[in-house]
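Peer 1: have a look at this prediction, sequence included:
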Amino acid sequence: MMLEDKVTGFIEDLSSSRPVPGGGGASAAVGAFAAALGMMVANLTIGKKRYADVEEEVKERLKRLETLRDELIMLTDKDAEAFEPLSKAYGLPKETEEEKVRKDKIMEEALYEASLVPLKIMETLLKAADDLKFLGEKGSRIAVSDIGVGILFAQAALEGASLNVFINTKLMKNRERAEELNQKADVLIREGQALKAEIYGDVLEKIR
């Protein structure tokens, strides 16, 4: 089988009624596939005479994509870990005024922490998109369609992760802090959309 048990196990967990992994973890996983596709194109480029003049930079991009891929794999777990304190916070008692104050404080911090991981996923994907852009321009022409698939995965994952930011920030009582996170996510979405449009359009131009 082309998919290892670890991957199919993740899909099974994602299909279950358990709250994790969820959309954030799935976004990170899809992002890892995007980085992996970029790595494949880099590997297909290295060693070919036609691309000798860009080989050293392709090798650098390959190393960077490997780091980004591994980071996204790690972030699938980090997303689940960040949700656990939030899940526990929802279940805290709020019968007395003291309990309400304590729960609000813990909830606020848990919501903030749960927003940071999807933001990190988004930032990581934007870096991967930059490498995909370079490989779409300079990498093996026979694999340029895989760059197109990679950037579609990357942007879907980036915007998917943003939803996990917004669902948490909406519940935060510190609106200044929440809007700061929202604005960071909005900037990443816009930058990602611009890159996706450019890269995907370039790929289509080359293959149609």
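Peer 2: Yes, it's here.

Peer 1: pLDDT of the helix or strand hosting Glu159, averaged?
Peer 2: Per DSSP states H and E, Glu159 falls inside helix 144-169. Averaged across helix 144-169, the pLDDT comes to 97.

Peer 1: mind listing what's buried along the helix or strand that that helix is followed by?
Peer 2: Using DSSP H and E, the helix or strand that follows helix 144-169 towards the C-terminus is helix 175-207. Going by neighbour count (16 or more other C-beta atoms under 10 Å), the buried part of helix 175-207 is 178, 181-182, 184-185, 188-189, 192, 195-196, 199-200, 202-203. Backbone N, C-alpha and C define where each C-beta goes, glycine included.

Peer 1: same question for stretch 38-46.
Peer 2: Using 16+ other C-beta under 10 Å as the burial criterion, the residues of stretch 38-46 that qualify are 38-42, 44-46.

Peer 1: the residue lying farthest from the centre of the chain and Lys103, how far apart?
Peer 2: Farthest-out residue of the chain from its mean C-alpha position, per C-alpha atoms, centre = their mean: Thr96, at 40.2 Å. Thr96 is 10 Å from Lys103, where distance means C-beta to C-beta, to the nearest Å.

Peer 1: ok, now Asp53?
Peer 2: As judged by C-beta to C-beta, Asp53 and Lys103 stand 61 Å apart.

Peer 1: so these two - more neighbours on which side?
Peer 2: For Asp53 versus Lys103, neighbours defined as other C-beta atoms under 10 Å are more numerous around Lys103 (16 against 9).

Peer 1: give the contact list for that one.
Peer 2: Taking C-beta atoms under 8 Å, 6 or more residues apart in numbering as the criterion, Lys103 is in contact with 89, 92-94.

Peer 1: which one of the buried residues of stretch 38-46 is nearest to Leu119?
Peer 2: Distance ranking of the buried residues of stretch 38-46 against Leu119, using C-beta to C-beta, places Gly38 first at 21.6 Å.

Peer 1: cheers, nothing more for now.
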